[in-house]
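Visitor: Take this sequence and fold it.
(2 chains, ligands or ions: 2)
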Amino acid sequence: MDNRRIDEIINKYDGKPNSVIMVLMDIQHENKWLPREVLEKVSNKLGVPLSEVLHIATFYKTFSLKPQGRHEVHVCTGTSCHQRGSAKILEKVQDLIGIKPGETTPDLRFSLEKGSCLGCCTLGPEIVVDGMHHSNITPDDVEAILKNYK
Amino acid sequence: MARINSAAQLEKVRKDIVLKKDPNKPCIAICGGIGCLGGREDLIRAFEKEIKKQKLEGKVDVRVTGCHGFCAQGPNIVIYPEEICYTKVKPEDAQQIISETVVGKTIVDRLVYIDPNTGEKAVHQSEIPFYKKQVRNILGMNPKIDPKSIDDYLAIGGYSSLAKALLEMKPQEVLEEVKKANLRGRGGGGFPAGLKWETARNAPAELKYVICNGHEGEPGAYMDRAIFQGNPHLIIEGLIIGGYAIGAKQGFIYTRHDMPRLRENIDIALEAAREHGFIGNDILGSGFDFDIEVHLDVGIFVSGEASALMRSIEGKAPEPRPKYTRTAVKGIWERPSNLNNVETWANVPQIIGKGADWYLGIGSEGSKGTKMISLSGNIVNSGVVEVPFGTSLKEIVYDIGGGIPNGKKLKAIHFGAAMGGSLPAELIDTPLDFDVMSKLGAAIGAGGLFVMDEDTSMVEMNRFFLEFLADESCGKCVPCREGIRQMLRILTRMSMGKGKEGDIEALEELCEVGSLASLCALGKTTSSPIYSSLRYFRNEYEASIEDKGCTV
Ligand SMILES: Cc1cc2nc3c(=O)[nH]c(=O)nc-3n(C[C@H](O)[C@H](O)[C@H](O)COP(=O)(O)O)c2cc1C
Ligand code: FES
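Guide: Ligands and ions are numbered 1, 2, ... in the order given. Prediction:
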């Protein structure tokens, strides 16, 4: 991510120290992960100690400190999806792409997350790929869904 | 749009909007809720394309709305002015719907919901059993408005309660009205909102804040986003009224980061409210100034807890603080900060508009008004429901929820997810009521009602809740961090049928320590589901020891 873009994001929030979460979120959103140099830059620019920036970046679940795959696969494991069989869906996804939640495939094609309730209990069990919900699925549906994401 | 400076101007603007609208002009209201569209736009595009193709541009409106409620039958659409409901609509259906229903005024039978009990067709919401028993004072607005259009909200009387509060009432009178209505917090505790407001109002400080908690992190709860995404102005109006009553000039909205449409609707609504002068300086010519800033959660459950949320707004990591001082006295930047849930704020405009006496006529003895419930789990009609307090759980699960799928029997009804509790099927006649349900050990929580059928193992379910909490504990205090881990170990063992003598007693002891010594409500209430299931389903715990195998 280039420096100019980072500056733009920081300036959007007037460089206020309490904007660190919002700044990191915008960067995460665009870049999909937070490289060390970027965190250092945010720390310098906002005048917030690096330790505090790291505290936030590691505390919150949406921030990643490692490069992410091109496609984000999210398996909902909330209560209702669990009740309707999400464990088997997750297993199938793991089998197919060969990684566990929190990991990224070596070819950077997929990152996998499991997550508690996405608020779509009526759709469960479901997987969400790049924000697109694939609902009421069985483990047998998973392969065909993932095939569409190169 | 020029800003509105008085009640008279507001009324004139409203009348003009209504006059300009032709009540007979057909409108296709497509539910844009995530449950219906799942993040896709193809259904909306299909209708737009078809309108063009049939040369009806300008003659038929398409309105993308918030959740209608009946998510299980989605995608849902309602066709105005006849208010014809179609369920499970696909993009391919657009052509037929427009030519036969919108133009031809006939019903497309195959898209009509059929009451599974009577086999009868239900063409209107009022005929669909799911909607029939509800009182949709709040949610009922959703199909009628485009959340991106302030005009739609103004047309149904939006911001008139704000005008009434600011121009006809003193802040103290607004506070008294909310107190009299006995509005109780919908975010989990059922704490009287009026009392909290009063504490914040009386706290000696120049700067005060009001905050809307739209974090909604409780698994299985999705009613806040349904109303926030579908009707953002309603929440904004409530928040401004609260700011006025309390003496706060700054409001914050704390909401979900992972729902782009929700965020978009809130941003658009705030901008429109600002342009119209409902936010900013000298609102409606009253001399009252108020502004609102949006903050986003970043994906952890505990950031919905009051003190953690306030730390997050300060830009710090959202770790909870012990409750020696109340946030209503010392919250954001140590200033009085009044936090209420989305649904709590959603109730404020109607209380001011229609008066506390009207409000007191709805609900049960100690719980007034309606409650939004999200139905999930083993239930036929999952979706968002709004009923008056006092409605029996039986009516919610069977009459509205359509009962348990696949011919199974009901085993338990669970409220409040990992911090709530379960009631056995025998207690199905219990009324939905803050106090009655807490006494039974299943506090309403935020309003996620999770239904379990006879195949569910209560031991396994509680293991699952603990797994969630182990992941979500912030790790700051020992009773919560370590206690949950130990309980999880025991329950994991038990759920595999390998429980040991003394496990139940150890669980009870860990529950007790956790509930007494944890820093925040997360650790304190970890024990709730376990307590309630030990109370009603103790035999299942015992069976996972003696039989060396879960009974279910
Ligand atoms: C771990 C935890 C998570 C919470 N999450 C939420 C939430 O997502 N939304 C909410 O309104 N309240 C949540 N609460 C309750 C808040 O602390 C607070 O009581 C509530 O927002 C006050 O609003 P009310 O009085 O209108 O209910 C949570 C509490 C705890 C302990
Ligand atoms: S999302 Fe459409 S009815 Fe709930």
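Visitor: which secondary element of chain B has the worst mean pLDDT?
Guide: Within chain B, no helix or strand scores below helix B:521-525, which has a mean of 86 by mean pLDDT, DSSP states H and E.
Visitor: show me what contacts the residue sitting nearest the centre point of chain A?
Guide: Closest to where the C-alpha atoms of chain A average out (C-alpha atoms, centre = their mean) is residue A:62, at 5.4 Å. Going by C-beta atoms under 8 Å, 6 or more residues apart in numbering or on different chains, residue A:62 touches A:25, A:28, B:257, B:258, B:298, B:299. For the C-beta atoms, the positions are set from N, CA and C on the backbone; glycine is no exception.
Visitor: The same query, at a cut-off of 7 Å, please.
Guide: Neighbour list for residue A:62: A:28, B:257, B:298, B:299 [criterion: C-beta atoms under 7 Å, 6 or more residues apart in numbering or on different chains].
Visitor: out of those residues, which is most surrounded?
Guide: residue B:298 (24 neighbours; other C-beta atoms under 10 Å in any protein chain shown).
Visitor: Three-state assignment for it, please.
Guide: At residue B:298 the chain is in coil, as set by DSSP: H, G, I helix; E, B strand; the rest coil.
Visitor: Excluding sequence neighbours, find me the nearest residue to it.
Guide: Excluding the flanking residues, the one nearest residue B:298 by C-beta to C-beta, 6 or more residues apart in numbering or on different chains is residue A:60, at 3.8 Å.
Visitor: What score does the one you found have for pLDDT?
Guide: On the pLDDT scale, residue A:60 is placed at 79.
Visitor: Phi first, then psi, for residue 74.
Guide: By default, I'm working from chain A. Reported as degrees, to the nearest 10, the phi and psi values for residue A:74 are phi -120, psi 120.
Visitor: actually chain B
Guide: phi -70, psi 170.
Visitor: Please name the residues that touch it.
Guide: Contacts of residue B:74 (C-beta under 7 Å, 6+ apart): B:31, B:35, B:36.
Visitor: what's the pLDDT at the last one?
Guide: Read it as residue B:36. pLDDT, read off for residue B:36, is 92.
Visitor: Residue B:451 belongs to a strand, doesn't it?
Guide: Yes. With three-state DSSP as the criterion, residue B:451 is part of a strand.
Visitor: Does it touch residue B:377 like I think?
Guide: Yes. Here residue B:451 lies in contact with residue B:377, judged by C-beta atoms under 7 Å, at a distance of 4.2 Å.
Visitor: how about the contacts of residue A:62, which pair is most distant?
Guide: A:28 and B:299 (10.3 Å; C-beta to C-beta).
Visitor: any idea how far residue B:97 is from residue B:130?
Guide: To residue B:97, residue B:130 is 21 Å away according to C-beta to C-beta, to the nearest Å.
Visitor: Need phi/psi at residue B:117.
Guide: According to degrees, to the nearest 10, the main-chain angles of residue B:117 amount to phi -80, psi -40.
Visitor: Please name the nearest non-neighbouring residue to it.
Guide: Nearest residue to residue B:117, sequence neighbours excluded (C-beta to C-beta, 6+ apart): residue B:129, at 7.3 Å.
Visitor: What about the one you found, how many residues nearby?
Guide: Count around residue B:129 with other C-beta under 10 Å applied: 19.
Visitor: Let me know whether it touches residue B:395 as I believe.
Guide: No. In this structure residue B:129 lies outside contact range of residue B:395 using C-beta under 7 Å: 10.7 Å.
Visitor: Can you find the residue of the stretch 151-300 of chain B that comes nearest to ligand 2?
Guide: residue B:226 (6.4 Å; C-beta to the nearest ligand atom).
Visitor: Is any residue of the helix or strand where that residue lies near chain A?
Guide: For residue B:226, the host element (DSSP states H and E) is helix B:223-230. Yes. Judged by C-beta under 7 Å from any C-beta of the partner chain, helix B:223-230 comes into contact with chain A through residue B:225.
Visitor: Kindly spell out which helices and strands sit in contact with that helix.
Guide: Helices and strands touching helix B:223-230, as assessed by 3 or more C-beta pairs under 7 Å, 6 or more residues apart in numbering or on different chains; DSSP states H and E, comprise helix B:260-275, helix B:342-354, strand B:370-377.
Visitor: can you tell me which residues contact residue 28?
Guide: You didn't say which chain, so I picked chain A. A:34, A:62, A:63.
Visitor: Actually, chain B is the one I wanted.
Guide: B:47, B:60, B:62, B:63, B:77, B:79, B:102.
Visitor: still on that earlier bit, could you list the buried residues of the helix or strand just after the least confident helix or strand of chain B?
Guide: Later in the chain than helix B:521-525, the nearest helix or strand by DSSP H and E is helix B:527-546. Using 16 or more other C-beta atoms under 10 Å in any protein chain shown as the test for burial, helix B:527-546 gives B:527-534, B:536-537, B:540-545.
Visitor: Averaged pLDDT, helix B:527-546. What do you get?
Guide: 91.
Visitor: Which of the contacts of residue B:28 fall within strands?
Guide: Among these, the members found in strands (DSSP state E) are B:62, B:63, B:77, B:79.
Visitor: Could I get the residues you listed in a markdown table, plus columns for pLDDT?
Guide: Below are those laid out as a markdown table (pLDDT from 0 to 100):
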| residue | pLDDT |
| --- | --- |
| B:62 | 96 |
| B:63 | 96 |
| B:77 | 97 |
| B:79 | 97 |
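Visitor: Let's see if you can find the most crowded of those residues.
Guide: Result: residue B:77 is most packed of these (other C-beta under 10 Å), 27 neighbours.
Visitor: what about the residue of the stretch 251-400 of chain B found nearest ligand 1, neighbour count?
Guide: Relative to ligand 1, the nearest point of the stretch 251-400 of chain B is residue B:304 (2.4 Å; C-beta to the nearest ligand atom). When neighbours are counted by other C-beta under 10 Å, residue B:304 registers 24.
Visitor: How about the contacts made by it?
Guide: Taking C-beta under 7 Å, 6+ apart as the test, what residue B:304 contacts is B:213, B:215, B:217.
Visitor: Roughly how far does it sit from residue B:29?
Guide: Distance, residue B:304 to residue B:29, using C-beta to C-beta: 31 Å.
Visitor: do the same with residue B:301
Guide: 34 Å.
Visitor: And residue B:541, by the same measure?
Guide: Counting by C-beta to C-beta, the gap from residue B:541 to residue B:29 is 49 Å.
Visitor: Then residue B:343?
Guide: 22 Å.
Visitor: same deal with residue B:92?
Guide: As judged by C-beta to C-beta, residue B:92 and residue B:29 stand 19 Å apart.
Visitor: Comparing those two, which shows the higher neighbour count?
Guide: Taking other C-beta under 10 Å, residue B:92 and residue B:29 do not tie; residue B:29 has more neighbours (23 against 9).
Visitor: Could I get the phi/psi values of that one?
Guide: phi -90, psi 110.
Visitor: same check, this time on residue B:328
Guide: Per-residue torsions, residue B:328: phi -70, psi -20 (degrees, to the nearest 10).
Visitor: How many residues are close by residue B:132?
Guide: Neighbour tally, residue B:132, other C-beta under 10 Å: 13.
Visitor: buried sites along the strand or helix carrying residue B:96?
Guide: Residue B:96 is part of helix B:94-96 when elements are defined by DSSP H and E. Residues residue B:94 are the ones in helix B:94-96 that count as buried (16+ other C-beta under 10 Å).
Visitor: Close to ligand 1: what parts of chain B are there?
Guide: Residues of chain B lying close to ligand 1 (C-beta under 6 Å from any ligand atom) are B:185-189, B:191, B:193, B:213, B:215-218, B:301-302, B:304-306, B:339-341, B:344, B:446, B:520-522.
Visitor: Got a ChimeraX select line for the buried ones in the residues you listed?
Guide: Restricted to buried positions by 16+ other C-beta under 10 Å, the ChimeraX selection for the residues of chain B next to ligand 1 reads:
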select /B:185,186,187,188,189,193,213,215,216,217,218,301,302,304,305,306,339,340,341,344,446,520,521,522
